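Peer 1: Quick one: sequence and predicted model below, then my questions.
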Amino acid sequence: MKNKILSVFVFGFFLLNAILPAQEEIRIRIRDGLPFIPVALPEIAFTDQSEIDQEIRNTLHETLWQDLDYSRVFRMIPKEHYQYIPRLTGDQVNFKDWASLQARFLLTGQLEITAGDRIIFSFKIYDVQSERFVFGKNYGGRKDLIRLIAHRTADELMKLVGEKPVFASRIAFVSERDGNKEIYVMDYDGHRQTRLTNNTVVDMLPSWSTDNSKIAYTSYRRMNPDLYLLDIYSGQSEMIATGGTNYAADFSPDGNHLVYTSTRDGNAEIYVKELAGGRDRRLTFNQAIDTAPNWSPSGREIVFVSDRSGSPQIYIMDAEGANVRRISYQGTYHDSPAWSPDGSRIAFVGRVEGRFDIFVHILRSSETIKLTENSGRNENPSWSPDGRHLAFSSTRGGSSQVWLMDYDGSNARQITFQGENKMAKWQKSVQ
Amino acid sequence: MRKTIAVWVIMLAMVFLFTSCAKKKPVVAPTPEPVSVEVEDVDKKVEKPALTEEEIFQQKTVEELNKAAHLKRINFDFDRFFVREDMKPILQANADWLRRFPTVEIVIEGHCDERGTVEYNMALGEKRAQSARNYLVSLGIPANRVKTVSYGKNRPLVPGVDEASYFQNRRAEFVITKK
């Protein structure tokens, strides 16, 4: 059902976007296919100006603004328009004023500093058209978590309109900024980057567990590419697959299995590991390379790459390994398939005339759309939890960096800048 | 009488001898010029027998052996993993060296150029390493002496983005792990 809605959404998106919002009474669940929802976000109020660090207040407001503006769900009503509206005092909202700006939602917030470095951010969401308070929450935390508080707030607005939260999600990636490839993690917008591994060898291809508590990755720390499971809270890594090359892991949607590639039987084949018992089941059996497996969101199928036809192409099989069918035909070289969270499409890398670009294959129509063009080498696409954005690596700026773009290829922006950065993997959900 | 004459003659002769000696002018012998003699270390001249390769091998650590590059790397065609004809003599030489030092164990590293994707290159690197390994085994090197590892495109040899650089990066390297 969701698939159908999204495919309508995709084709109707731009047409509808130009049309003004319909004037019917707002329902809290707003589905894809409707135009951007106009939101007003006036300045964050403060309980006592002398105590509030102006920078914190600005960071909070800007982060929240950028999140909503980036969402492709909301449209921010420009700040300049707010000056015509009397300043908000307490809970007295003159809805007519905000309605005159065609705001559908009004998000107000108040920030205060409590003992030590703790801050409390209270926000309220008003439905301007029905002139009522809809939702509010208080977030408390350390000062330095201000960006996370802003992301969580933006996610509340997403949930309110029936969308998956996305802004508090994080992206794991590989950086060579310290001289060798290590696993790092950052917010979706590139802020708050932290290194997770310190193996001083090659660590690569990170992949989030379904509950975001672990990252599977490949490390050469024992001089062989073995698969490890990193507990991101304890920082401990446990080896879970060795013998041959073990890599390209992806957790099943139920969190109980890990699909990955291993060459332990002499050739790159796909295996599914039961995480509880550690037992492996081999899914592919042939002399060709079978690699880069990725679960469908339903957990019933696996998309992967095989060169059984003579060149690397994208195939889908059942989670048990049967019923293999090829889905890519254009071009001679495809890799790194990533199944969208709604199940409707598969992003992948294609090489055409020596150029590497990100493509998306729409399963229903078997259409393939090129998302990047004439912009360096583009690799390893990874979907945002809501499926509206993709993280990928690109060399368009000279060095390899992590970039984001929307599902239709628009709105590309670079989010890493230090050293070489690649193999970005977005969390599958916000916890 | 005769006796006395003889005595006289002897005496006379002796007197003569003495006087003639005394008459000679005393000559001071000139100081002889110092002869410079080059002192040579004889040991140096002794020809030592050259170290055999075996002895050199014994002296070197595994790191030094690797640095000396006894085992040469081979290169591959784009997107291929079979051993090229022109690389076979290199593998033959590597096999000869391995036969000579039968205690040596190696890891063959398979590498790719950057014109492939991350995951596929991991598999391709593995195939390159294995195909080099199979060739060594076919030349009689015991399989248990040769391990393989794929680095995909993680460790390019040269940074260039031209075919010459790509060619250098599509390679199998032979790393000694034990001697």
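Peer 2: That came through, no problem.
Peer 1: What is the three-state secondary structure of residue A:321?
Peer 2: Per DSSP: H, G, I helix; E, B strand; the rest coil, the local secondary structure of residue A:321 is coil.
Peer 1: Spit out the contact partners of it.
Peer 2: Applying C-beta atoms under 8 Å, 6 or more residues apart in numbering or on different chains, we find residue A:321 in contact with A:270, A:281-284. Glycine gets a C-beta too; all of them are placed from N, C-alpha and C.
Peer 1: Show me what counts as buried in stretch A:314-324.
Peer 2: A:314-317, A:319, A:321, A:324 (16 or more other C-beta atoms under 10 Å in any protein chain shown).
Peer 1: Buried subset of the contacts of residue A:321 as a ChimeraX selection?
Peer 2: Filtering the contacts of residue A:321 down to the buried ones (16+ other C-beta under 10 Å) takes a single ChimeraX command:
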select /A:270,283,284
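Peer 1: of all the contacts of residue A:321, which two lie farthest apart?
Peer 2: The distance between the two most remote of those (C-beta to C-beta) is 10.9 Å, for A:281 and A:284.
Peer 1: and chain A, which of its residues are near chain B?
Peer 2: A:181, A:202, A:204-205, A:220, A:223-225, A:244-245, A:247-248, A:261, A:263, A:266-268, A:289, A:291-292, A:305, A:307, A:312, A:333, A:335-336, A:349, A:351, A:354, A:356, A:377, A:379-380, A:422-423 (C-beta under 8 Å from any C-beta of the partner chain).
Peer 1: which among those end up buried?
Peer 2: Among these, those buried by neighbour count (16+ other C-beta under 10 Å) are A:181, A:202, A:204-205, A:220, A:224-225, A:244-245, A:247-248, A:261, A:263, A:267-268, A:289, A:291-292, A:305, A:307, A:312, A:333, A:335-336, A:349, A:351, A:356, A:377, A:379-380, A:422-423.
Peer 1: Dump the contacts of residue A:321 to CSV, plus secondary structure and pLDDT.
Peer 2: Output for the contacts of residue A:321, formatted as CSV (DSSP: H, G, I helix; E, B strand; the rest coil; pLDDT from 0 to 100):
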residue, secondary structure, pLDDT
A:270, strand, 97
A:281, strand, 96
A:282, strand, 97
A:283, coil, 97
A:284, coil, 96
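Peer 1: What is the nearest of the contacts of residue A:321 to chain B?
Peer 2: Closest approach to chain B among the contacts of residue A:321 (C-beta to the nearest C-beta): residue A:270, at 10.9 Å.
Peer 1: Show me what the closest one is bridged to.
Peer 2: Beta bridges link residue A:270 to residue A:261 when assigned by DSSP bridges.
Peer 1: Check the one 10 residues further on too.
Peer 2: For residue A:280, the beta-bridge assignment (DSSP bridges) gives partners residue A:273.
Peer 1: Same question for the one 10 residues further on.
Peer 2: Using DSSP bridges, the bridge partners assigned to residue A:290 are residue A:306.
Peer 1: Count the neighbours of it for me.
Peer 2: 27 (other C-beta atoms under 10 Å in any protein chain shown).
Peer 1: I'd like to know how far it sits from residue A:118.
Peer 2: As judged by C-beta to C-beta, to the nearest Å, residue A:290 and residue A:118 stand 52 Å apart.
Peer 1: okay, and for chain B, where does confidence drop off?
Peer 2: Chain B contains residues with pLDDT under 70 at B:1-3, B:12-30, B:32, B:42-48.
Peer 1: could you point out which element follows the helix or strand harbouring residue A:185?
Peer 2: Assigned by DSSP states H and E, residue A:185 belongs to strand A:182-187. Past strand A:182-187, further along toward the C-terminus, the next helix or strand under DSSP H and E is strand A:194-195.
Peer 1: Can you tell me what sits against that following strand?
Peer 2: Residues contacting strand A:194-195 (C-beta under 8 Å, 6+ apart): A:175, A:178, A:182-186.
Peer 1: contacting residues for residue A:198?
Peer 2: Counting by C-beta under 8 Å, 6+ apart, residue A:198 makes contact with residue A:182.
Peer 1: Are we agreed that residue A:138 is in a helix?
Peer 2: No - with three-state DSSP as the criterion, residue A:138 is assigned strand and is not in a helix.
Peer 1: What is the burial count for it?
Peer 2: Neighbours around residue A:138, by other C-beta under 10 Å: 10.
Peer 1: Could you report the distance from it to chain B?
Peer 2: 44 Å (C-beta to the nearest C-beta, to the nearest Å).
Peer 1: got it, and residue A:45?
Peer 2: Residue A:45 is 48 Å from chain B, by C-beta to the nearest C-beta.
Peer 1: Help me confirm that that residue comes into contact with residue A:107.
Peer 2: No - checked against C-beta atoms under 8 Å, the pair residue A:45 and residue A:107 is beyond contact range at 11.9 Å.
Peer 1: Of those two, which one has the most company?
Peer 2: Using other C-beta under 10 Å as the criterion, residue A:45 and residue A:107 rank with residue A:107 on top: 24 against 18.
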